[in-house]
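K.L.:
Just to be clear, the model below is a prediction. Sequence and coordinates:
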Amino acid sequence: MSKHYPLLQSFGALLVLDAESRRIQATSANLATLAGLGASSPPITLEQLLGRRLTQQVRCELQGQPRLAAPLVFSRGANRSLHFQLRAYRSGEHVLMELEPFRMDGQHRLLGALHEHLSRLAETTHQEELLAYLVTTVRTLTGFTRVAVCQFDPDWHGHIVAEAKADDECSIAGQRLAARDFPVALRRAYVRHPVRYIQDAQAPVGPLTPGDLSVDLSASVLRAPTFERQRYLERLGVRGMLNVSMICETGLWGVLFCHATAAHEVTAAVRDAVHILVQAATERLSLLRARHEARYLKRVQDSLASSMNTQQSPRGPEQLLLDQAATWMTLFRAQGVALWHAGGVYQAGKTPAPEVISQMVIRLRQAHPHNGPWCTRNTAKHSLTSSLAMPEQAGVMAIPLSMGHAQRAWLFFFRLTPCPVLHWSVRPVSAVALPVSGTLPTAWYEEVTGCSEAWQRVERLAAMSLGRDLTLAISSYEISMLNMHLERERKALASANQRLEQLAHFDPLTQIWNRYRIEQAIDDELVAAKRYGATFALLMFDVDHFKAINDTYGHSLGDEVLVALARRVESSLRGCDYFGRWGGEEFVILATHSDIQAAAGLAERLRELLVTLQLPGLDQPVTVSIGVVAWQPDDSCKTLMARADAAMYLAKRKGRNRVEVAAGEAARVKG
Ligand SMILES: Nc1nc2c(ncn2[C@@H]2O[C@H](COP(=O)(O)OP(=O)(O)OP(=O)(O)O)[C@@H](O)[C@H]2O)c(=O)[nH]1
């Protein structure tokens, strides 16, 4: 086992005991002096140092436990005037005990003040307000020259986000601390041991006695700073230091550090109070951030909802993008936004060319099959984008939209290289030796190019949520388009059916029923007559000498005669009568609820009416021969029509332009 931190600071004393806390194996050299034992009489046993009762208590509390639940306070010396705080914990095969002088006075005040500060912290509503209160309070409690909060960015650069300092100190607020100052090992140490106190970085440090014992002292408050740490503090001009890590649920958020240009004493009680304050502040910070993020997520959700609610008809992908581009760019701190959908690219702001976006989609399909967003802040360096022409856009976030089929749509946000000027507290690239003075070194300035601002976790979450909403919006648009298309198809089909029906049932020349339809009507009437005994009659008529009309005036005038005749007959019939063209110049009238008497009367009226028909270019009257027949119980359509036809030909034979009732029915016609 290698030796760890073999040197100790001297503001407290350390004892190394065996695992049962029975035998003292080593102590810091200052134990005798600090505990008032006198240099000549070092303690032989723990009982001699702590007394029997306390020793028993410590052993008992440590049994099976990694550390004492809380520090113990005890007194020693004449009149028990020396007070100590005792911390004990296990380290490997050893139990380590730390003794630190403890002041009884001011304890109540400290507790009262702590209570007050915690209440005030809990009332803060903004991060800036919270951190400003924290640094000011910690500075008041500890008396350090400077108290600051350093927040880590995704690259582990530190950013000074709050500061309280003595008036004559230069400010480092807003400056950055290079990531190289926070290597992984240091960050792990920040998490494992959240409180680090160095009373005087330049004070002599003492070894354990005997010095050959190998003990892991990394958890010890008293461990001396490493040589590198000393150098670093020296560079900053710092001698006294207290660091408290700010650890939230996602890990190391930042560090509160307190610096003094001279050695600076902070009692264990005050260090504990600062630790409690920092923990409370970090929790409050998480809460405020959660609230802030919830509000942000709501704004992102509302952005699309407003576009969908206010519009009556669903918006297409292009319209959605144009509606929301400005809002989304603000919300996602982007300078360009694009939507790739079904091979089309819709874009707003500063985006790469459409073909570059399409190319990116092809690559993303292979490289990123998951549902979450894909992002980079350095397109020039990322393998997926480095060969694509996007000189301006350093940051890309691509959100896949699962449209329910193999082809996914993609929403893109683009960030330009902001080219910010970063103020470095200590130059990040070189660890040059710096002049040690009472003040902090002058800041370096650096223009940062090539990288966009990082895509925050909450932005990626919001992007996922936006992606889901956008998928819904586009799907609902597609469905409505499909429905519209179907509706158009349905209407086209209905009109085609209507045309078909027209063709099937109507005579194209006269627009009255054709033979097929009038036969149907006769069949229906026959059924009704059989079932209910509803009598009906048929009139069949034929234009006289129509061939001669055709021959004399032309076929087209002949057509006009047929049309005019049909109109006239049609307009003089009752609503319950049916009229159809039987073929050529032959027509049939189905007169419902009519007996032979009524039908013969109708036929005569029609004959007289048609004689008066006049058409331009026609110099002769139009006459018709009409056969009339009434339904008889045994009739079929065929027998009925045959009798009507016979009656009509009888009329022809008898000289035309007359009405003939079917044989055997004439007797029923009076007058
Ligand atoms: N213009 C025109 N003529 C038609 C149409 N359908 C049939 N015809 C003609 O009507 C004429 C019927 O002639 P015929 O059957 O000899 O009878 P008709 O000349 O009317 O003599 P009768 O019926 O005996 O009085 C034929 O010349 C057909 O070509 C049509 O839709 N339009």
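P.N.:
Here it is on my side, so go on. Residues are numbered from 1 along each chain as shown.
K.L.:
What separation is there between residue 458 and the ligand?
P.N.:
Using Cβ to the nearest ligand atom, to the nearest Å, residue 458 is found at 81 Å from the ligand. Any C-beta I mention is one placed from the backbone N, CA and C, and that applies to glycine too.
K.L.:
ok, now residue 208?
P.N.:
Shown here: residue 208 relative to the ligand, a distance of 127 Å by Cβ to the nearest ligand atom.
K.L.:
per-residue confidence for residue 139?
P.N.:
We have a pLDDT of 98 for residue 139.
K.L.:
so which helix or strand takes in it?
P.N.:
Residue 139 belongs to helix 127-142 when assigned by DSSP states H and E.
K.L.:
Could you list the residues in contact with that helix?
P.N.:
Helix 127-142 has contacts (Cβ atoms under 8 Å, 6 or more residues apart in numbering) with 110, 113, 117, 120-121, 124, 144, 146-149, 161-165, 242, 256, 258, 264, 266, 270, 273-274, 277-278, 281, 284-285, 288-289.
K.L.:
Report the distance from it to the chain centre.
P.N.:
Remark: helix 127-142 is offset 36 Å from the chain centroid, using Cα atoms, centre = their mean, to the nearest Å.
K.L.:
what does the helix or strand harbouring residue 526 contact?
P.N.:
Using DSSP H and E, residue 526 maps to helix 515-532. Residues outside helix 515-532 that contact it (Cβ under 8 Å, 6+ apart) are 504-506, 513, 534-536, 538, 578-583, 588, 590, 592, 631, 633, 635-637, 640-641.
K.L.:
Mark which of these are part of strands, please.
P.N.:
Among the contacts of helix 515-532, the ones falling in strands (DSSP state E) are 536, 538, 578-583, 588, 590, 592.
K.L.:
The residue in the stretch 401-550 of the chain positioned nearest to the ligand: how many residues sit nearby?
P.N.:
Closest to the ligand within the stretch 401-550 of the chain is residue 547: 2.9 Å, counting by Cβ to the nearest ligand atom. The burial count assigned to residue 547 is 11, neighbours taken as other Cβ atoms under 10 Å.
K.L.:
again, but for residue 453
P.N.:
The number of residues packed near residue 453 is 18, by other Cβ under 10 Å.
K.L.:
Was I right to think residue 100 contacts residue 266?
P.N.:
No. Using Cβ atoms under 8 Å, residue 100 makes no contact with residue 266, being 10.7 Å away.
K.L.:
near the ligand, which residues of this protein?
P.N.:
509, 542-548, 550, 555, 558-559, 562, 584-585, 652, 656 (Cβ under 6 Å from any ligand atom).
K.L.:
Give me the buried subset of those residues.
P.N.:
Buried members of the residues of the chain next to the ligand, counted by 16 or more other Cβ atoms under 10 Å: 542-544, 546, 550, 558, 562, 585.
K.L.:
any idea how far residue 82 lies from residue 103?
P.N.:
Distance, residue 82 to residue 103, by Cβ to Cβ, to the nearest Å: 11 Å.
K.L.:
ugh, wrong one, residue 584
P.N.:
129 Å.
K.L.:
for residue 578, same thing?
P.N.:
To residue 103, residue 578 is 119 Å away according to Cβ to Cβ.
K.L.:
who's more crowded, these two?
P.N.:
Between residue 578 and residue 103, counted using other Cβ under 10 Å, residue 578 has the larger neighbour count: 21 against 13.
K.L.:
State the number of residues packed around the nearest residue to the more buried one once chain neighbours are set aside.
P.N.:
The shortest distance from residue 578 to any non-neighbouring residue, by Cβ to Cβ, 6 or more residues apart in numbering, is to residue 590 (4.1 Å). For residue 590, the neighbour count with other Cβ under 10 Å is 25.
K.L.:
so residue 590 makes contact with residue 574?
P.N.:
No. Assessed by Cβ under 8 Å, residue 590 is found out of contact with residue 574, at 11.1 Å.
K.L.:
ok and the residue in the stretch 101-250 of the chain nearest the ligand?
P.N.:
Nearest to the ligand in the stretch 101-250 of the chain, going by Cβ to the nearest ligand atom, is residue 154, at a distance of 88.6 Å.
K.L.:
From what I see, that residue and residue 454 are in contact.
P.N.:
Yes. The criterion here is Cβ under 8 Å, and residue 154 meets it with residue 454 at 4.5 Å.
K.L.:
The two - which one has more neighbours?
P.N.:
More crowded of residue 154 and residue 454, by other Cβ under 10 Å: residue 454, with 14 against 11.
K.L.:
Can you list the low-confidence ranges for the chain?
P.N.:
1-5, 38-43, 307-312, 404-407, 419, 426-448, 670-671 (pLDDT under 70).
K.L.:
Domain ranges for it, per the record?
P.N.:
Using automatic domain parsing, the domain parsing of the chain gives 7-101, 107-201+238-292, 312-417+452-482, 515-668.
K.L.:
what about the residue of the stretch 401-550 of the chain closest to the ligand, is that helix, strand or coil?
P.N.:
Assigned with DSSP: H, G, I helix; E, B strand; the rest coil, residue 547 falls in the helix class.
K.L.:
Look up how far residue 584 lies from it.
P.N.:
Distance, residue 547 to residue 584, using Cβ to Cβ: 10 Å.
K.L.:
Spit out the contact partners of the residue most central in space within the chain.
P.N.:
The centre of the chain sits closest to residue 465, judged by Cα atoms, centre = their mean, with a distance of 1.2 Å. Applying Cβ under 8 Å, 6+ apart to residue 465 gives the contacts 297, 300-301.
K.L.:
residue ranges of the helices in the stretch 151-300 of the chain, please?
P.N.:
For the stretch 151-300 of the chain, helices defined by DSSP state H, counting those that start in this stretch occupy the ranges 184-192, 227-236, 268-310.
K.L.:
Mind listing what's buried along the first one?
P.N.:
It refers to helix 184-192. 187, 189-190.
K.L.:
Closest to residue 315 out of the residues you listed?
P.N.:
residue 187 (47.4 Å; Cβ to Cβ).
K.L.:
Pretty sure that closest one sits against residue 255.
P.N.:
No. Counting by Cβ under 8 Å, residue 187 does not reach residue 255; the two are 9.5 Å apart.
K.L.:
Which residue is the nearest non-sequential neighbour of the closest residue to the ligand within the stretch 551-671 of the chain?
P.N.:
Nearest residue of the stretch 551-671 of the chain to the ligand: residue 558, at 2.7 Å (Cβ to the nearest ligand atom). In this structure, residue 558 finds its nearest non-sequential neighbour in residue 550, 4.1 Å apart by Cβ to Cβ, 6+ apart.
K.L.:
Check residue 196 too.
P.N.:
Closest residue to residue 196 apart from its sequence neighbours, by Cβ to Cβ, 6+ apart: residue 243 at 4.3 Å.
K.L.:
now swap in residue 478 and tell me
P.N.:
Nearest residue to residue 478 in three dimensions, chain neighbours excluded: residue 403, at 7.8 Å (Cβ to Cβ, 6+ apart).
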